[in-house]
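Trainee: quick one: sequence plus predicted model below, questions after.
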Amino acid sequence: MTDSIARPKSFSYTGPLRGDVRVPGDKSISHRALMFSALAVGKSTITGLLEGEDVLSTAAAMRAMGADIARGADGVWTVHGVGVGGLMQPDTALDMGNSGTSTRLLMGLVASHAIQATFIGDASLSKRPMGRVSDPLSQIGAEFISSPGGTLPLTVRGICPAVPISYRLPVASAQVKSAVLLAGLNTPGITEVIEPIPTRDHSERMLRGFGADLTVEVDADGVRTIRLVGEAELNPQNIDVPGDPSSAAFPIVAALITQGSEITVRNVGLNPTRSGIYKMLEAMGADLTYSNEREVGGEPVADITARHSALTGIEVPPEAAPSMIDEFPVFFVAASMAQGRTVTSGLDELRVKESDRLALMATGLTANGATVTEREDGLVIDGSGGAALAGGATIASALDHRIAMSFAIAAQNCRDAVTVDDVSPIATSFPTFEGMLEAFSAGR
Ligand SMILES: O=C(O)C1=C[C@@H](OP(=O)(O)O)[C@@H](O)[C@H](O)C1
Ligand SMILES: C=C(OP(=O)(O)O)C(=O)O
């Protein structure tokens, strides 16, 4: 499988951060842009696609199932789709690398096609729970042969025609929601997903953009019912992928914790289901300003300017978790340097990401001099009040890009260098991250 050689690296204070940066395209939108284009009839183009390893795993899998996908010299990607129902059986196992989104969404797609596919991945992905997706997909009639515990390697035997289901999400997960909806694309009748707690809605927005008949009803309690009419015909699109708010959080937190900094991150996606990190940082006193607010590819986008700020600890409401689920590692870094206590709860999902993010952040921050208490479903952090942490420790990134990047950012406000035992996972979501930090150093 796809484990690479570890590449350790030490990070230290670069001086004040100044200037303009761009972050790569949104990872969630990039996966979906490739998948939906591959299911449309005709030629789609994608501009601003994230060329990170996770998204390249999706591209390879869609190619293996019949789509024609190519990158032009100008960086624009072209996809000739096979049409809903037209996926072909792959000849070999689909290697999903480190990517949970690729795996779970593609399991949904395969489930309602008359094909069989085996999914494999790296050591991190091979520990992650897939039962949350195979449970509803078994109800449509697909069959699964998985490793003990419902993990990869896993074979999906799809069924056509599948049975349309109504599924209430037992866990707040956009990946599970999307897997059921994607299975519904090639299922006769109406597939329904009931979402008690809202999660990122890129699938809904984009499927509608591709011409699917999809409606969303929200009741008085905020429960969303999504209905998709199956045997859909998707029309090819020209898609512009906005910058990834999850990636933008790294330079923005770096600027907030580093004295004398002022940076602008251009073209950041600010879908309300993704922007929780910015709201919480503002609640802590972060000086963020939004300019050039506009729409890109059906998503709200702005340029964000961040200045060094005196942050104060807050209590993060658990219902905010889905809107900042991937940003908690770097949020914990900001909290460890704030004035006073930050309390988080309702974060059980962080234990089943690329790593156990609660455990690794608690251990790594503590080793670098922060005051952290790990609870079952969150961290309690007593911040340094802006003072630099000691630093000096080596942290385990455990094949988790966001852990590696969070400690690279923490080093901005540590006295001694922070070493990350392996930075290679950063290439899954933010291949230009190290270059961006080097440019900050060079611009000092
Ligand atoms: O649908 C998506 O694109 C994603 C959903 C989230 O996962 P869950 O659905 O497991 O919460 C998130 O953590 C992941 O990075 C991307
Ligand atoms: C959880 C993440 O991704 P995935 O689930 O796609 O591996 C992430 O990018 O933080």
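Mentor: That came through fine. Ligands and ions are numbered 1, 2, ... in the order given.
Trainee: what about the nearest residue in space to Ile5 that is not next to it in sequence, how many neighbours?
Mentor: Of all residues not flanking Ile5 in the chain, Ser424 sits nearest, at 7.4 Å (C-beta to C-beta, 6 or more residues apart in numbering). C-betas here are computed from N, CA, C, even on glycine. By the criterion of other C-beta atoms under 10 Å, Ser424 has 20 neighbours.
Trainee: contact partners for Val23?
Mentor: Val23 is in contact with Gly243, Asp244, Ser247, Ala248, Pro251, Val265, Val268, Phe430, Thr432, Met436, counting by C-beta atoms under 8 Å, 6 or more residues apart in numbering.
Trainee: what about the nearest residue to the third one once chain neighbours are set aside, distance to Met324?
Mentor: Looking back up the chat, that one is Ser247. Computed as C-beta to C-beta, 6+ apart, the closest residue to Ser247 that is not its neighbour in sequence is Val23, at 4.1 Å. The gap separating Val23 from Met324 is 16 Å, by C-beta to C-beta, to the nearest Å.
Trainee: so where's this protein uncertain?
Mentor: For the chain, applying pLDDT under 70 flags the ranges 1-3, 443-444.
Trainee: find the closest residue to ligand 2 in the chain.
Mentor: When distances are taken as C-beta to the nearest ligand atom, the chain reaches nearest to ligand 2 at Gly100, 2.7 Å away.
Trainee: my read is that that residue contacts Ser126, right?
Mentor: No. Judged on C-beta atoms under 8 Å, Gly100 makes no contact with Ser126 at a distance of 11.1 Å.
Trainee: ligand 2 contacts on this protein?
Mentor: Neighbours of ligand 2 within the chain, by C-beta under 6 Å from any ligand atom: Lys27, Asp54, Ser99, Gly100, Thr101, Asp326, Lys353, Glu354, Arg402, Ser429.
Trainee: compile those into a markdown table and extend it with columns for secondary structure and neighbour count.
Mentor: Converted to a markdown table, the residues of the chain next to ligand 2 look like this (DSSP: H, G, I helix; E, B strand; the rest coil; neighbours: other C-beta atoms under 10 Å):
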| residue | secondary structure | neighbour count |
| --- | --- | --- |
| Lys27 | helix | 24 |
| Asp54 | helix | 24 |
| Ser99 | coil | 28 |
| Gly100 | helix | 21 |
| Thr101 | helix | 22 |
| Asp326 | helix | 24 |
| Lys353 | coil | 20 |
| Glu354 | coil | 26 |
| Arg402 | helix | 29 |
| Ser429 | coil | 27 |
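Trainee: could you restrict the residues you listed to the ones contacting ligand 1?
Mentor: Intersecting these with the contacts of ligand 1 gives Thr101, Asp326 (criterion: C-beta under 6 Å from any ligand atom).
Trainee: the residue nearest to Thr92 when sequence neighbours are not counted: what's it in contact with?
Mentor: The shortest distance from Thr92 to any non-neighbouring residue, by C-beta to C-beta, 6+ apart, is to Ala64 (7.2 Å). Neighbouring residues of Ala64 by C-beta under 8 Å, 6+ apart: Pro90, Asp91, Thr92, Leu94.
Trainee: next up, the contacts around the first one.
Mentor: For Pro90, the contacting residues are Ala61, Ala64, Met65, Ile115, Ala117, by C-beta under 8 Å, 6+ apart.
Trainee: and it, helix, strand or coil?
Mentor: coil (DSSP: H, G, I helix; E, B strand; the rest coil).
Trainee: for the closest residue to it other than its chain neighbours, give its distance to Met96.
Mentor: For Pro90, ignoring the flanking residues on the chain, the nearest one in space by C-beta to C-beta, 6+ apart is Ala64 at 4.0 Å. With distances taken as C-beta to C-beta, Ala64 is found 11 Å from Met96.
Trainee: do Phe36 as well
Mentor: Taken as C-beta to C-beta, the span from Phe36 to Met96 is 18 Å.
Trainee: and for Lys43?
Mentor: Distance from Lys43 to Met96, by C-beta to C-beta: 26 Å.
Trainee: try Ile29
Mentor: Taking C-beta to C-beta, one finds Ile29 at 18 Å from Met96.
Trainee: cool, and Ala111?
Mentor: Applying C-beta to C-beta to Ala111 and Met96 gives a distance of 15 Å.
Trainee: ok, those two, which is more surrounded?
Mentor: Higher neighbour count among Ala111 and Met96: Ala111, with 32 against 28, using other C-beta under 10 Å.
Trainee: so what's that one up against?
Mentor: Counting by C-beta under 8 Å, 6+ apart, Ala111 touches Leu137, Ile140, Ala142, Val156, Gly158, Ile159, Ala162, Ala179, Ala183.
Trainee: test my guess that the second one contacts Val163.
Mentor: Yes. Counting by C-beta under 8 Å, a contact exists between Ile140 and Val163, whose distance comes to 5.2 Å.
Trainee: find residues that contact each of those two.
Mentor: Residues touching both Ile140 and Val163 (C-beta under 8 Å, 6+ apart): Thr187.
Trainee: when the two are compared, which one has more neighbours?
Mentor: Ile140 (22 against 14).
Trainee: in terms of helix, strand or coil, where does Thr363 fall?
Mentor: The assignment at Thr363 comes out as helix when based on three-state DSSP.
Trainee: ok, now Val253?
Mentor: helix.
Trainee: how about the residues of the chain near ligand 1?
Mentor: Counting by C-beta under 6 Å from any ligand atom, the residues of the chain close to ligand 1 are Ser28, Thr101, Ser173, Ala174, Gln175, Ser178, Arg200, Ile325, Asp326, Glu349.
Trainee: what about 5 Å?
Mentor: Residues of the chain lying near ligand 1 by C-beta under 5 Å from any ligand atom: Ser28, Thr101, Ser173, Ala174, Gln175, Ile325, Asp326.
Trainee: among those, which are located in strands?
Mentor: Among these, no residue falls in strands (DSSP state E).
Trainee: of the residues you listed, grab the buried ones for ChimeraX.
Mentor: ChimeraX command restricting the residues of the chain next to ligand 1 to the buried ones, with burial defined by 16 or more other C-beta atoms under 10 Å:
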select :28,101,173,174,175,325,326
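Trainee: could the residues of the chain next to ligand 1 be laid out in CSV, adding distance to Gln412?
Mentor: Output for those, formatted as CSV (distance: C-beta to C-beta, whole Å):
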residue, distance to Gln412
Ser28, 27
Thr101, 29
Ser173, 32
Ala174, 31
Gln175, 32
Ile325, 23
Asp326, 20
